[in-house]
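K.L.:
What shape does this take:
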Amino acid sequence: MASIEVGRVCVKTAGREAGEKCVIVEVIDESFVEVVGTDVKNRRCNINHLEPTADTVEVSGDIEAVKAALESL
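P.N.:
Numbers count the residues shown, from 1 in each chain. Predicted coordinates:
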């Protein structure tokens, strides 16, 4: 669970957005996080449907800044 943290870049592995990059913006509980991405809607997601990467992004209150930082990776 250490790799599931705010700002971690992940790849979705399930659902219609599978294969897309996203960033964790909030940890809801031990099973769910809130993610946002350029091609991923801002929604909660089960951590079993995410594959964490080694990259991280600074998360501030601005969602558009997070999406811009994700695009630059």
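
K.L.:
nearest spatial neighbour of residue 67, skipping sequence neighbours?
P.N.:
Take residue 67 and drop its neighbours on the chain: the residue closest to it by CB to CB, 6 or more residues apart in numbering is residue 38, 5.3 Å away. (Glycine included, C-beta is placed from N, CA and C.)

K.L.:
got the contact list for the residue nearest the centre of the chain?
P.N.:
Central residue of the chain (CA atoms, centre = their mean): residue 23, 2.4 Å from the mean position. By CB atoms under 8 Å, 6 or more residues apart in numbering, the contact list for residue 23 reads 7, 8, 9, 10, 35, 36, 37, 57, 59, 66, 69, 70.

K.L.:
now the helix or strand hosting it, how far from the chain's geometric center?
P.N.:
Here residue 23 sits within strand 21-27, counting by DSSP states H and E. The chain centroid and the centroid of strand 21-27 are separated by 3 Å under CA atoms, centre = their mean, to the nearest Å.

K.L.:
Flag every buried residue along that strand.
P.N.:
Across strand 21-27, burial judged by 16 or more other CB atoms under 10 Å covers 21, 22, 23, 24, 25.
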